[in-house]
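Asks: Here is the input, now give the coordinates:
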Amino acid sequence: MNFQDHFHVSNLIRNHISKGSPRQALLLYKGIRRKGVFFPGWIPPLLKACACVPSLVLGKLLHSESIKFGIYSDVMVRTSLISMHSKSGSIVSARKVFDEMPERNVATWNAMIGGYMWNDDTFSATRMFEEIIGSGNEVTWIEMMKGYAKGKETEKARDLFERMPLEMKSVKAWGVMLGGYVSNREMDAARMFFEEIPEKNSFVWSLIISGYFRVGDVDEARGVFNCVKVRDLVIWNSLVTGYAKNGYSDSAIDAFRMMQGEGFEPDAVTVSSVLSACAQSGRLDVGREVHSLINRMGIELNEFVSNALIDMYAKCGDLENATSVFESLSLRSVACWNSMISCLATHGKGDEALEMFRTMDTKPDEITFLAALTACVHGGFLVEGLNIFLEMKNKNVKPNVKHFGCLIHLLGLSGKLKEAYGLVREMPEKPNDTVLGALLGACKVHMDTEMAEQVMKIIETEGSTTNGDSENHLVLISNLYAHSERWQTAETLRVEMEKRGLQKSTGLSSLVLT
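Replies: Now for the predicted structure:
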């Protein structure tokens with residue numbers, strides 16, 4: 001591989017990172033490295049990719065490579081190593097690299113300050129900031145502001161912004177402070193600060209629009225959008241994405257059409273959001289149009305776009321295309337695996353879902369396990385469900401109430417009510433109404449009034465339900481007593497229900513798993 005090839009690979013790596021696909025950059029590197037090819041100039045951008053993922057294992061390997069090829073002393077390489085170790089949670093290693101450096105530049109200090117802030121060590125970051133404040137630059141101040149905002153200390157961030165030298169208060173600095181308010185949902189403060197910004201670019205307009213969408217104030221977000229005189233793709237994306245995230249799927253699709261009508265070509269962010277809207281509303285027709293547009297425009301199938309496509313086809317019931325997209329991917333993120341497993345599970349293909357779960361080539365997360373447990377519930381696979389639940393603990397994935405709910409529902413369906421009840425009592429979290437309703441439903445199916453009474457005691461003593469759910473449970477258990485011919489008890493409950501204005505119903509509580 002000659003220099004020109006090395007330069008080309010470097011550009012590919014940087015392009016993947018800039019487009020939000022750091023995993024693709026690392027996959028490219030691994031493929032080339034297996035062929036015995038290496039170029040030291042790749043290390044800094046690859047370390048940046050490791051920091052984005054993050055991947056401490058590969059980062060440490062690159063650390064060793066930098067020593068092996070004699071470039072460890074390079075200031076840029078060491079600065080990249082500090083950032084990688086910090087973002088991967090290894091702040092001690094980052095500081096060791098920093099302390100070993102014979103010379104440092106401002107970027108190095110900024111990386112170390114940012115690393116401390118990333119790891120919530122504001123004390124150490126502040127000490128370093130005070131050391132370099134006289135020779136620092138705009139980024140030095142910004143790293144501190146971002147760190148305070150990340151720790152929900154927006155007042156400290158604002159104080160720092162006010163102390164910032166006037167010549168450093170660029171549009172970016174104003175945007176970072178505004179972003180701090182937005183990320184912490186302080187929209188009143190954000191709006192007042194926004195009005196003070198002397199030069200409003202598309203980034204700050206997009207921030208304030210996204211901020212209102214973040215807190216669910218769709219009308220205010222739309223109002224701000226309408227105030228923008230000159231719109232660009234960033235601002236349009238904030239509108240389309242905001243509508244989609246708030247469940248306004250038709251509005252998201254309409255905004256997408258309007259954007260195109262004004263001559264803007266969509267990017268990966270746009271199509272991911274529109275596909276999400278299509279998934280919500282079942283608009284398979286629009287989803288297919290967007291897929292064709294992706295192919296026609298050559299939009300990269302990064303993990304967000306590919307996952308959005310799979311999710312859209314899955315939720316619209318097009319398993320064939322969902323599978324086709326999944327199988328076409330050279331790199332599958334855990335989100336893609338999760339969408340595909342969930343898709344198969346909810347469409348009654350439990351065996352295929354579990355087979356896919358077992359063939360995963362990436363580490364499963366809590367959503368993966370929930371999808372696999374859902375497949376077990378739909379297929380009635382008790383033993384497999386128990387094994388998967390145990391596997392969660394072995395892989396240090398903490399089960400939440402939804403995972404417990406799946407297993408309790410599975411045990412209930414299998415007639416193992418005592419085991420299901422025992423699991424309810426062992427749950428680290430308070431059982432929710434869906435879990436208890438599912439167990440009561442299983443009691444009715446298996447005509448077990450004694451167990452139903454035990455479940456009702458949990459509901460009464462722990463206050464696990466809202467009034468509406470409590471009444472629904474009363475209806476269910478009344479039906480159960482009647483089916484068991486315990487007429488006197490059923491009549492007592494019937495009188496209680498009449499007092500509450502309830503009608504006798506045969507409806508069962510159901511467990512929503514997806």
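
Asks: contacting residues around Ser73?
Replies: The contact partners of Ser73, by C-beta atoms under 8 Å, 6 or more residues apart in numbering, come to Pro102. Using the backbone N, CA and C atoms, a C-beta is placed for each residue, glycine as well.

Asks: which SS state does it fall under?
Replies: Classification of Ser73 using DSSP: H, G, I helix; E, B strand; the rest coil returns coil.

Asks: per-residue pLDDT, Met145?
Replies: As predicted, Met145 sits at a pLDDT of 96.

Asks: Look up how far Leu160 lies from it.
Replies: According to C-beta to C-beta, to the nearest Å, Met145 stands 5 Å off from Leu160.

Asks: Of the two, give the one with the bigger neighbour count.
Replies: Neighbour totals were compared for Met145 and Leu160, and Met145 leads with 25 against 19 (other C-beta atoms under 10 Å).

Asks: Identify the residue spatially nearest to the more buried one, adjacent ones excluded.
Replies: Ala157 (4.5 Å; C-beta to C-beta, 6 or more residues apart in numbering).

Asks: doesn't Ala149 make contact with that neighbour?
Replies: Yes: at 4.8 Å, Ala157 counts as touching Ala149 under the criterion of C-beta atoms under 8 Å.

Asks: Find residues that contact each of those two.
Replies: Joint contacts of Ala157 and Ala149 (C-beta under 8 Å, 6+ apart) are 177, 180.

Asks: for the stretch 1-150 of the chain, which spans come out with low pLDDT?
Replies: 1-6 (pLDDT under 70).

Asks: Would you map the helices across it?
Replies: 3-18, 22-34, 43-52, 56-68, 75-87, 91-100, 106-118, 122-132, 138-150 (DSSP state H, counting those that start in this stretch).

Asks: Redo those helices as TSV? Include distance to Met392.
Replies: Shown next, in TSV, are these (distance: least, C-beta to C-beta, whole Å):
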stretch	distance to Met392
helix 3-18	32
helix 22-34	24
helix 43-52	27
helix 56-68	22
helix 75-87	26
helix 91-100	29
helix 106-118	28
helix 122-132	34
helix 138-150	29
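
Asks: Point out the one among those that comes closest to Met258.
Replies: helix 3-18 (27.5 Å; C-beta to C-beta).

Asks: quick check: angle from that closest one to helix 43-52?
Replies: Angle of helix 3-18 versus helix 43-52, following axes from the mean of the first three to the mean of the last three C-alpha atoms, to 10 degrees, is 20 degrees.

Asks: Let me know the angle separating helix 3-18 from helix 22-34.
Replies: Using the same axes, to 10 degrees: helix 3-18 against helix 22-34 is 150 degrees.

Asks: Run the chain-centre distance for helix 3-18.
Replies: Remark: helix 3-18 is offset 28 Å from the chain centroid, using C-alpha atoms, centre = their mean, to the nearest Å.

Asks: do the same with stretch 159-171
Replies: 33 Å.

Asks: can you tell me the helix or strand for the spatially most central residue of the chain?
Replies: The centroid of the chain falls nearest to Ala335 when counting by C-alpha atoms, centre = their mean (8.9 Å). According to DSSP states H and E, Ala335 maps onto helix 334-346.

Asks: what comes into contact with that helix?
Replies: 303, 306-307, 310-311, 313-315, 319, 322-323, 326, 329, 350, 352-353, 356-357, 360, 362-365, 367-368, 371-372, 374-375, 378, 514.

Asks: Might one say that Thr140 is in contact with Asn110?
Replies: Yes: Thr140 is within contact range of Asn110, at 5.4 Å (criterion: C-beta under 8 Å).

Asks: ok, those two, which is more surrounded?
Replies: Per other C-beta under 10 Å, whichever of Thr140 and Asn110 has more neighbours is Asn110, with 25 against 22.

Asks: Quick check: closest non-adjacent residue to that one.
Replies: Using C-beta to C-beta, 6+ apart, the nearest residue to Asn110 is Val139, at 4.8 Å.

Asks: Please spell out which residues along the helix holding Ala335 are buried.
Replies: Neighbour counts over helix 334-346 (16 or more other C-beta atoms under 10 Å) mark 334-346 as buried.

Asks: Could you dump the residues you listed into TSV and include pLDDT and distance to Asn432?
Replies: Below are these laid out as TSV (pLDDT from 0 to 100; distance: C-beta to C-beta, whole Å):
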residue	pLDDT	distance to Asn432
Val334	87	26
Ala335	87	25
Cys336	88	29
Trp337	92	27
Asn338	92	22
Ser339	89	25
Met340	91	27
Ile341	93	23
Ser342	90	20
Cys343	88	25
Leu344	90	26
Ala345	90	21
Thr346	86	20
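
Asks: Met164: which of those residues is nearest?
Replies: The nearest one, if we look at the buried residues of helix 334-346 relative to Met164 and count by C-beta to C-beta, is Ala335, at 38.2 Å.

Asks: ok, so what distance separates the closest one from Phe326?
Replies: 11 Å.

Asks: Kindly export stretch 302-317 (C-alpha atoms) in PDB.
Replies: Extracted in PDB, the C-alpha atoms of stretch 302-317 (Å, rounded to 0.1, in the frame of the first residue of the first chain):
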ATOM      1  CA  ASN A 302     -25.000   4.000   9.100                       C
ATOM      2  CA  GLU A 303     -26.300   2.300  12.200                       C
ATOM      3  CA  PHE A 304     -29.100   4.900  12.600                       C
ATOM      4  CA  VAL A 305     -30.400   4.700   9.100                       C
ATOM      5  CA  SER A 306     -30.100   0.900   8.900                       C
ATOM      6  CA  ASN A 307     -31.800   0.500  12.200                       C
ATOM      7  CA  ALA A 308     -34.600   3.000  11.200                       C
ATOM      8  CA  LEU A 309     -35.200   1.000   8.000                       C
ATOM      9  CA  ILE A 310     -35.400  -2.300   9.800                       C
ATOM     10  CA  ASP A 311     -37.700  -0.900  12.500                       C
ATOM     11  CA  MET A 312     -40.000   0.700   9.900                       C
ATOM     12  CA  TYR A 313     -40.400  -2.400   7.800                       C
ATOM     13  CA  ALA A 314     -40.800  -4.600  11.000                       C
ATOM     14  CA  LYS A 315     -43.500  -2.300  12.500                       C
ATOM     15  CA  CYS A 316     -45.300  -2.100   9.100                       C
ATOM     16  CA  GLY A 317     -45.300  -5.900   8.900                       C
END
